[in-house]
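In: Just to be clear, the model below is a prediction. Sequence and coordinates:
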Amino acid sequence: MSGGNPCLTCGACCAFFRVSFYWGEIHSDFMVPEALTEPVNPVRMAMQGTNQPKPRCVALEGEVGDCVSCSIYPNRPSPCRQFEANDAEGACNRARAAYGLPPLELEPVAA
Ligand code: SF4
Ligand code: SF4
């Protein structure tokens, strides 16, 4: 895709997947805000709102498919840091499809 960052007008993954991570990230350099998390099991936490049948992260601001932002971007947990637009397994486009958003085109590989 050309142009700007497609995530700024998407946000589908923040309202599609459970976002869970090792509890220690709350006390790591990430400093994920504990008040926005909930326990999944004794060693894992999830962002509130994502561990339910119709997920939507509590930190997501805006409308999916329009204009979105993450209210804790500098402190987001590792799954959010590792998730990539156009990932090889298609998770990004699966989330987009759930909101009627077109798939992202793979960037051409430089010769
Ligand atoms: S689903 Fe893909 S394009 Fe949309 S916000 Fe997530 S990573 Fe970005
Ligand atoms: S913490 Fe931010 S980037 Fe991660 S799921 Fe929530 S809104 Fe999205």
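Out: Alright, I've got the coordinates. Ligands and ions are numbered 1, 2, ... in the order given.
In: residues contacting the one residue sitting closest to the centre of the chain?
Out: Geometric centre of the chain, nearest residue: Cys14, 3.8 Å, by Cα atoms, centre = their mean. Cys14 makes contact with Thr50, Arg56, Cys57, Ala59, Leu60, Val64, Val68, Cys70, Cys80 under the criterion Cβ atoms under 8 Å, 6 or more residues apart in numbering. Any C-beta I mention is one placed from the backbone N, CA and C, and that applies to glycine too.
In: Would you list the phi and psi of the closest residue to the fifth one other than its chain neighbours?
Out: By the measure of Cβ to Cβ, 6 or more residues apart in numbering, the closest residue to Leu60 outside its immediate chain neighbours is Cys14, 4.3 Å from it. Main-chain torsions, Cys14, degrees, to the nearest 10: phi -80, psi -10.
In: Tell me the residues on the protein that lie near ligand 1, please.
Out: Those residues of the chain that sit near ligand 1, judged by Cβ under 6 Å from any ligand atom, are Pro6, Cys7, Cys10, Gly11, Ala12, Cys13, Phe83, Ala85, Cys92, Ala95, Arg96, Leu104.
In: Before I go, just wanted to say thanks for your time.
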